[in-house]
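# here's a sequence, model it:
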Amino acid sequence: MPNEKEDVQLFASRLRDALEYKKMTAAELSRKSGIDQAAISRYKKGLYAPNRNNIFLLARALGVNPTWLLGFSNDMLYQMSEKEAARNELENLIVDMDLDQIKKTIAFLREYILK
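Numbering: from 1, shown residues only. A predicted model of the protein is given here:
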């Protein structure tokens, strides 16, 4: 039976694999997940494992199955519904916007989409 250190190393390996697969940097993952970049660096090095909430934030930002990240599944990609995928894409776009762009987007949505 694997021990805690092996579990942390497996998580670190899968996190690095997911970042490489998604062609995402730790800085991008930090912005998209809301998790401090230094913490992500420690996760990648296998120094410690994230708490349950951070596991789900990382998986969501990466678009991967959280059970795969933990080593309980061989299926890397999380099968999102079309609505979840669209919402995730919208959230990722918003993360990269400045405040003025966010305000303009909200105004546009209210004026033209949410009538």
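
# stretch 20-29 spans what distance, first to last residue?
Stretch 20-29 has an end-to-end distance of 11 Å (Cα to Cα, to the nearest Å).

# what does that stretch rub up against?
19, 32, 35, 37, 40-41, 44, 58, 61-63, 76 (Cβ atoms under 8 Å, 6 or more residues apart in numbering). From N, CA and C alone the C-beta is placed, and that goes for glycine too.

# skip the chain neighbours and tell me the closest residue to Asp17.
Met76 (7.7 Å; Cβ to Cβ, 6 or more residues apart in numbering).

# tell me the confidence at the residue sitting furthest away from the middle of the chain?
Here the centre of the chain is the reference, and by Cα atoms, centre = their mean the most remote residue is Lys115, at 31.9 Å. Looking at Lys115, its pLDDT stands at 75.

# that older thread, next up, the contacts around the residue nearest to Asp17.
14, 17-18, 21, 64-65, 68.

# residue boundaries of the helices in this protein?
4-22, 26-33, 37-45, 52-62, 66-69, 82-95, 99-108 (DSSP state H).

# worst mean pLDDT among these?
helix 82-95 - the lowest mean pLDDT of the helices of the chain, at a mean of 79.

# hmm, back to that, which one (most neighbours) among the contacts of stretch 20-29?
Leu62 (26 neighbours; other Cβ atoms under 10 Å).

# tell me which residues touch that one, please.
18-19, 22, 24, 29.

# again, 7 Å this time
If a contact means Cβ atoms under 7 Å, 6 or more residues apart in numbering, then Leu62 has 18, 22, 29 as its contacts.

# could you do Ser81 as well?
With Cβ under 7 Å, 6+ apart, Ser81 has no contacts at all.

# recalculate using a threshold of 10 Å.
Arg87 (Cβ atoms under 10 Å, 6 or more residues apart in numbering).
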